[in-house]
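*Asks:* got a predicted structure here, sequence first:
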Amino acid sequence: MPLTLHLGTDDLTRCRFAVSPLCQTHEALRMLRRPARHAFHRDWLRRVRDVVAGLDLSELWLFIPRKGGYTPDFLGPPPKTPNASFEEELARLRATDPAMARTELARSLACTPGAAASPYGRAALDDPAATVRRLADLTERAWQALLAPDWTRHQAVLEADIAHRTRQLADGGLEALFGDLHPGIDWADDTLTLRMYADHKEAQGADGRGILLMPSVFVRPDVVSGFARPWQPTVIYPARGPGLPPAPAAEAPAALARLLGHHRAAILTGLHTPASTTALADRHGLAPSSVSAHLSVLREAGLLVSHRRGPYVLYGRTALGKALAAGA
């Protein structure tokens, strides 16, 4: 049976989006453990192959089963704010209640025959507080090695997805939003149905707290319903576009560069999806202050429009901006 989430009035008014670097870290690790996802992330896998080989994450792997199963939710709990930093989320992980951690650790170990009786498994259950500290240290190590170097670009993909989804919601309501999240998600009669995700006794049900929607770079081709009780119901779905946005933009066409200036032309032609000032500065190798000045000029000329997303402002091309870039 598929998982169904019936959303009452309170749920419908409390749906929200969030970007979580901590959850992205664990989705990346789950992707490494699940070969069915590898075909969608070949470029990233090639780039990090040597880094992964040098990481000893043995204890963490014990709680990320290869063939599905449960990963302790406290390792990447639903974020409370739209754009928490990794450091803020890691501090929350480290503050996990040991009793709750032990319950979730035991449930995860039960998914793998013999795991609870292994040396790591016994140590984890005997001293859950120490286990939380060790798993937090390993998670930080994985973040620094695998995601931190490219986080600005990953974040740009996630922010652009959310900007697109909020426009869908504004233009077509919940039907437009939920109907386009993933081929395995259906929306009808105030009910969200996840056809790729089997219902089970621990599955989280909507309970008036709303649904947290989180785009992910690494969950493709799946859609995931997390988390188990008592966490907020969450749907993790694949972000639009590739796992990373294009590498730094190529040279803008000479004619457009003469018209707008080299940097403004490059920003305009490379802005295929909405992006923040920080992401554009990283992409084009410019100072954020310089990018901000160029964006202001392009926006005043009617070529760009801005949209606030939490603490970030995302810039996207207007119809005129798209036409000018396409003509170039």
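*Replies:* Everything's here; your move. Computed from a predicted model, the values in this text were never measured in an experiment. Numbers count the residues shown, from 1 in each chain.

*Asks:* may I see the buried residues of the helix or strand hosting Asp137?
*Replies:* Asp137 belongs to helix 128-142 when elements are defined using DSSP states H and E. With burial defined by 16 or more other C-beta atoms under 10 Å, the residues of helix 128-142 counted as buried are Pro128, Thr131, Val132, Leu135, Ala136, Leu138, Thr139, Glu140, Ala142. In short, each C-beta sits where N, CA and C put it, glycine included.

*Asks:* what of stretch 70-84?
*Replies:* Taking 16+ other C-beta under 10 Å as the neighbour-count basis, stretch 70-84 is seen to contain the buried residues 70-79, 82-84.

*Asks:* could those go into a markdown table alongside secondary structure and pLDDT?
*Replies:* Putting the buried residues of stretch 70-84 into a markdown table (DSSP: H, G, I helix; E, B strand; the rest coil; pLDDT from 0 to 100) gives the following:
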| residue | secondary structure | pLDDT |
| --- | --- | --- |
| Tyr70 | coil | 86 |
| Thr71 | coil | 91 |
| Pro72 | coil | 93 |
| Asp73 | helix | 92 |
| Phe74 | helix | 94 |
| Leu75 | helix | 94 |
| Gly76 | coil | 90 |
| Pro77 | coil | 89 |
| Pro78 | coil | 89 |
| Pro79 | coil | 91 |
| Pro82 | coil | 88 |
| Asn83 | strand | 87 |
| Ala84 | coil | 90 |
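
*Asks:* so where's the stretch 151-300 of the chain uncertain?
*Replies:* By pLDDT under 70, the weakly predicted segments of the stretch 151-300 of the chain are 196-205, 226, 241-251.

*Asks:* stretch 73-90: end-to-end distance?
*Replies:* When the termini of stretch 73-90 are compared using C-alpha to C-alpha, to the nearest Å, they are 13 Å apart.

*Asks:* can you name every helix or strand that the helix holding Asp137 contacts?
*Replies:* With contacts taken as 3 or more C-beta pairs under 8 Å, 6 or more residues apart in numbering; DSSP states H and E, helix 128-142 sits against helix 21-33, helix 58-61, helix 86-94, helix 98-109, helix 119-126.

*Asks:* for it, output the C-alpha coordinates as CSV.
*Replies:* The C-alpha coordinates for helix 128-142 follow below in CSV (Å, rounded to 0.1, in the frame of the first residue of the first chain):
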residue,chain,number,x,y,z
PRO,A,128,24.1,6.3,23.5
ALA,A,129,25.4,9.6,24.6
ALA,A,130,29.0,8.7,23.5
THR,A,131,27.6,7.3,20.3
VAL,A,132,25.8,10.6,19.5
ARG,A,133,29.2,12.4,19.9
ARG,A,134,31.0,9.9,17.7
LEU,A,135,28.3,10.0,14.9
ALA,A,136,28.3,13.8,15.0
ASP,A,137,32.1,13.8,14.6
LEU,A,138,31.8,11.4,11.6
THR,A,139,29.0,13.5,10.1
GLU,A,140,31.1,16.6,10.4
ARG,A,141,34.0,14.8,8.7
ALA,A,142,31.7,13.7,5.9
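
*Asks:* buried ones in stretch 48-57?
*Replies:* By 16+ other C-beta under 10 Å, the buried positions in stretch 48-57 come out as Val48, Leu55, Leu57.

*Asks:* can you redo these as TSV with distance to Ser292?
*Replies:* Converted to TSV, the buried residues of stretch 48-57 look like this (distance: C-beta to C-beta, whole Å):
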residue	distance to Ser292
Val48	32
Leu55	37
Leu57	39
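
*Asks:* picking up where we left off before, starting at the chain centroid, how far to the helix holding Asp137?
*Replies:* Counting by C-alpha atoms, centre = their mean, to the nearest Å, helix 128-142 is centred 21 Å from the centre of its parent chain.

*Asks:* centre of the chain to the next helix or strand along the chain from it, how far?
*Replies:* Using DSSP H and E, the helix or strand that follows helix 128-142 in sequence is helix 151-179. Relative to the centre of its chain, helix 151-179 is centred 12 Å away, using C-alpha atoms, centre = their mean.

*Asks:* out of the buried residues of stretch 70-84, flag the one nearest to Arg92.
*Replies:* Ranking the buried residues of stretch 70-84 by separation from Arg92, with C-beta to C-beta as the measure, puts Pro77 on top at 6.6 Å.

*Asks:* quick one: contacts for that closest one?
*Replies:* Leu22, Arg92, Leu93, Phe227, Trp231 (C-beta atoms under 8 Å, 6 or more residues apart in numbering).

*Asks:* and if you look at Gly68?
*Replies:* Here Gly68 is in contact with Arg34, Cys111 (criterion: C-beta under 8 Å, 6+ apart).

*Asks:* where does it fall, phi/psi-wise?
*Replies:* Recorded main-chain torsions at Gly68 are phi 80, psi -150, according to degrees, to the nearest 10.
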